[in-house]
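Trainee: Show me the folded form of this:
(one chain, ligands or ions: 1)
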Amino acid sequence: MDRAKKPAAIPVSPIQPTPQVSISDDNSRVTANLPTGQQLQVLLYGATVISWKSANGKENLFLSSKAHLDGSKPVRGGIPLVFPVFGPPSSDHPTGRLPQHGFARNSRWEYLGKSSSESSTLPNSKGDASVKLDFGLSNSMLSDSKWDYEFNLTYSVTLSQDSLETSLAVRNTGTSNYEFQVLFHTYLAVDSITETTVSGLEKAAFKDKVQGGKEVEPAGKPISIGSETDRIYTAAPEQAIKILEKGKDRYELTRDMLSDVVVWNPWLEKAKGMADFGPEDGHKKMVCVEAGSVSAWNTLDAGDTWEGGQRIKAL
Ligand SMILES: O=P(O)(O)OC[C@H]1O[C@H](O)[C@H](O)[C@@H](O)[C@@H]1O
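Mentor: This next block holds a predicted model:
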């Protein structure tokens, strides 16, 4: 039938490139690509971020060449998520039966989905698109929980043009309160550890695990690493922490609700003792700067939710 008044064609605006998210065939990892070239890979095992590349292809996270990515062991590198206990648990605490650094990093998480933003509407603009991937873990997903509490964890990883954000929401879905610790165990990639410094912690006291947990006064100068380093900066100042290479800014870390920062490099001998650490001189290519809440316990009441996170800018 010929219609006198045909509906006018709806004007088509130019198609904006959008972030692309794909799940591997074996359902083991999620990959996100921004139209501007940045890339992120997250293993469902541990919801471990194993790769974060800038637009120029430069990898920002150290991943051991011997890391197990098959779910047989926590990943050595990337960003393992530490929850609900940092370090070896003490036997007189409800986390006492858990492995070192808890169960989040060695449990398989569920991929909950993505949300993306494409805010630029300029024709031919690549926009300032970002993508957020959400992952979930709850007590009902653990076959053999050695922690007697009910929880719902939502872990969000957001890739933007110049940064990566990781944030965790812990909801107590049970009827009793409990204590937990949390930490993003970020292995940052560096070109050369001896030319790397960490600034922003000059005024913070720290617990030196290399010296048996000795409390050390603020050093008053940026951190240089030339031997095994394992420090917990407690109540680190809120200001951004910068990681510099040859005196030039390389990463900037900001934190939300995470009062502590761990700085770790195993150096040669300790690294040799770790079966999953490689290559042999890999300690020269990494520094762990770990934002967390680990020097005390966070108490979470029944029905309540705790949220905290970090943002790392690659500069
Ligand atoms: O070997 P992992 O269990 O992964 O722990 C690796 C490291 O994690 C943290 O940085 C701790 O401060 C270190 O004492 C520990 O050696």
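
Trainee: Get me the contact residues on this structure for the ligand.
Mentor: Proximity of the chain to the ligand, by Cβ under 6 Å from any ligand atom, involves residues Pro74, Gln100, His101, Lys209, Asp230, Val262, Trp264, Cys288, Glu290. Any C-beta I mention is one placed from the backbone N, CA and C, and that applies to glycine too.

Trainee: Helix, strand, or coil at Lys66?
Mentor: Put simply, Lys66 is coil when judged by DSSP: H, G, I helix; E, B strand; the rest coil.

Trainee: was I right about it contacting Gly278?
Mentor: Yes - taking Cβ atoms under 8 Å as the definition, Lys66 is a contact partner of Gly278 at 3.8 Å.

Trainee: quick check, nearest of the residues of the chain next to the ligand to Ala8?
Mentor: Glu290 (58.3 Å; Cβ to Cβ).

Trainee: Checking that closest one next. Helix, strand or coil?
Mentor: strand.

Trainee: Just give me the neighbour total for it.
Mentor: Residues contacting Glu290 under the criterion other Cβ atoms under 10 Å number 25.

Trainee: For the nearest residue to it once chain neighbours are set aside, give me its contacts.
Mentor: Distance criterion Cβ to Cβ, 6 or more residues apart in numbering; nearest residue to Glu290, sequence neighbours excluded, is Val262 at 4.0 Å. Contacts for Val262 (Cβ atoms under 8 Å, 6 or more residues apart in numbering) come out as Phe86, Leu183, His185, Asp230, Arg231, Ile232, Tyr233, Cys288, Val289, Glu290, Gly292, Val294.

Trainee: By proximity to the ligand, which residue of the stretch 151-300 of the chain wins?
Mentor: Of all residues in the stretch 151-300 of the chain, Trp264 sits closest to the ligand, with a separation of 3.5 Å (Cβ to the nearest ligand atom).

Trainee: from memory that residue sits against Thr229, does it?
Mentor: Yes - with contact defined as Cβ under 8 Å, Trp264 counts as touching Thr229 (6.4 Å).

Trainee: Could you list the low-confidence segments of this structure?
Mentor: 1-4, 12-14, 118-127 (pLDDT under 70).

Trainee: Gly213 and Lys270, how far apart?
Mentor: With distances taken as Cβ to Cβ, to the nearest Å, Gly213 is found 16 Å from Lys270.

Trainee: which of these two has more neighbours?
Mentor: Lys270 (15 against 10).

Trainee: Can you give me the buried ones in the strand or helix carrying the more buried one?
Mentor: Per DSSP states H and E, Lys270 falls inside helix 267-272. Within helix 267-272, the residues scored as buried using 16 or more other Cβ atoms under 10 Å are Trp267, Ala271.

Trainee: Tell me which residues are up against it.
Mentor: Ile225, Ser227, Glu228, Thr229, Phe277, Glu280, Asp281, Gly282, His283.

Trainee: Return the distance of that helix from the chain's centre.
Mentor: The gap between where helix 267-272 is centred and where its chain is centred comes out at 23 Å by Cα atoms, centre = their mean, to the nearest Å.

Trainee: Also stretch 133-141?
Mentor: 16 Å.

Trainee: Tell me where the stretch 1-150 of the chain has strands.
Mentor: 20-23, 29-33, 39-43, 48-53, 81-82, 110-117, 130-138 (DSSP state E, counting those that start in this stretch).

Trainee: looking at those strands, which is buried most?
Mentor: Using mean count of other Cβ atoms under 10 Å, the stretch among these with the largest mean neighbour count is strand 81-82, at a mean of 25.

Trainee: helices or strands up against it?
Mentor: In terms of contacts (3 or more Cβ pairs under 8 Å, 6 or more residues apart in numbering; DSSP states H and E), strand 81-82 is packed against strand 178-184, strand 286-300.

Trainee: Out of the ones you listed, which one sits most buried?
Mentor: When the helices and strands packed on strand 81-82 are compared using mean count of other Cβ under 10 Å, strand 178-184 is most buried, at a mean of 23.

Trainee: Residues touching that one, excluding its own?
Mentor: So strand 178-184 is contacted by 79, 81-86, 93-95, 101-102, 149, 166, 168, 170, 172, 258, 260, 262, 290-294, 297-300, 306, 308, 310 (Cβ under 8 Å, 6+ apart).

Trainee: Fine by me, we can end here.
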